[in-house]
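> I need the structure of the sequence given here:
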Amino acid sequence: MSMYFRSASLRGFRSVVAELGGQADTFAERAGLDPRALDQDDVLVEAHRSAAMLELVVEELGCHNLGLQMADRQSITVLGALAIALMNCPTLGSALDVVNTYLFVHSQFVSFELRDDPREEPGVSALYYRPARPRGPAQAVDLAMGFIHRGITHLSDGDYGLREVMLPYECPARTDIYEEFFGAKVTFRAPVEDAAVLRIPSSLPSRSLAGGDEALKHLAVAFLDRTTSRSDDDVVERTRGALRHLLGTGFVDQAAVAKVFSIHPRTLHRRLAAHGTTYQTLVDEARRDQALLLVTTTDLPFAQITHMCGFREQASFTRAARRWWGASPGQLRSRQRAGAGARYRS
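This is a model prediction of the structure:
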């Protein structure tokens, strides 16, 4: 069975390959990937094809720390709505709980869990990332571990006391490159079954995260709950999916979506009604979810967000924001930035 993840994880690939003198699209095509996935966040990418693409670059361009270079160009926003939830958790432990609950939104096949220290050192625990095997793929795991390390550093506002990184494969590049990236000892061919490990202080999960906003966390979690529903309401989920693609195109009327499904608009109306909802309700939810992401994770002007969420006028967007969140777009962005500023201020 094929395993997939969101293409947001490939951020940085194009720029690294360009700096090496290569053609990113060519490597993607040779691995069987659509090159458009390199520039979009929500394309589902087959894991084995992505790993093959990274290894091709290593073999042909000699970039043996490709995964770390890509991780260095990514931020926690790669995770989309999950990032909003994480940045607004009260403690690192609660952030880890959110990751364990919703990581499948980003990747269907990996796991990330807090467990006992494999070296049994007092006061030390471990974060296990799976799968990671002696035969690799090394670059894909390097990318994941580098991203996790940077994400924890981001949430912790700096050094979080990393003791050691344990990787199950042979060192693809020089060990000092890895130790400089992680700021800690890195052990290769580590005796941990099918896992890569970050050894951390046992006290780390209880560390408070500065500047979190509980209301924003709940908004993000509610969004994740809605978009990951396992319900059988297929017509509802298909309509939501269509709306996510159509917002901002100017074609979000019911007739446009019905055309996508090759049914009459009245048929779509009846099917949605049978599931206790309406087309306009789903449009409103889609706009709210899109707006939440764009307002809190980007610096885009509100006039542009207005268009991207399918509103004709910014005043209409502002009224909708006050109805959704009890705050204007500017106030919501200020709250998020105030939290981030408190976290990064040194």
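> Specify the residue positioned farthest from the middle of this protein.
residue 266 (36.9 Å; Cα atoms, centre = their mean).
> and that one, what helix or strand is that in?
helix 265-274 (DSSP states H and E).
> pull the CA atoms of that helix into CSV?
C-alpha atoms of helix 265-274 as CSV (Å, rounded to 0.1, in the frame of the first residue of the first chain):
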residue,chain,number,x,y,z
PRO,A,265,-27.8,22.3,-8.3
ARG,A,266,-31.1,21.2,-6.9
THR,A,267,-29.8,17.7,-6.5
LEU,A,268,-26.8,19.0,-4.5
HIS,A,269,-29.2,21.1,-2.4
ARG,A,270,-31.3,18.0,-1.5
ARG,A,271,-28.3,15.8,-0.7
LEU,A,272,-26.8,18.4,1.6
ALA,A,273,-30.1,19.0,3.3
ALA,A,274,-30.4,15.2,3.9
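> roughly how far apart are the residue nearest the centre of the chain and residue 196?
Nearest to the geometric centre of the chain sits residue 79, at 1.4 Å (Cα atoms, centre = their mean). Plainly put, residue 79 is 19 Å away from residue 196 if you go by Cβ to Cβ, to the nearest Å. For the C-beta atoms, the positions are set from N, CA and C on the backbone; glycine is no exception.
> Now the residue nearest to the centre of the chain: closest residue in space, sequence neighbours ignored.
Among residues not flanking residue 79 along the chain, residue 106 sits closest, at 5.7 Å (Cβ to Cβ, 6 or more residues apart in numbering).
> residues in contact with that neighbour?
5-6, 8-9, 78-80, 82 (Cβ atoms under 8 Å, 6 or more residues apart in numbering).
> quick one, phi psi at it?
phi -90, psi -40 (degrees, to the nearest 10).
> what's the neighbour count on residue 293?
When neighbours are counted by other Cβ atoms under 10 Å, residue 293 registers 19.
> Oops, could you answer that again for residue 338 instead?
With neighbours defined by other Cβ under 10 Å, the count for residue 338 comes to 12.
> isn't it right up against residue 212?
No - Residue 338 is not in contact with residue 212 according to Cβ atoms under 8 Å; the separation is 10.6 Å.
> any chance you could map the helices in the stretch 1-150 of the chain?
Ranges of helices in the stretch 1-150 of the chain, per DSSP state H, counting those that start in this stretch, are 13-19, 24-30, 47-61, 66-72, 81-87, 92-102, 138-156.
> Minimum distance to residue 200: which of these has it?
Residue 200 sits nearest to helix 138-156 of all the helices of the stretch 1-150 of the chain, at 8.0 Å, using Cβ to Cβ.
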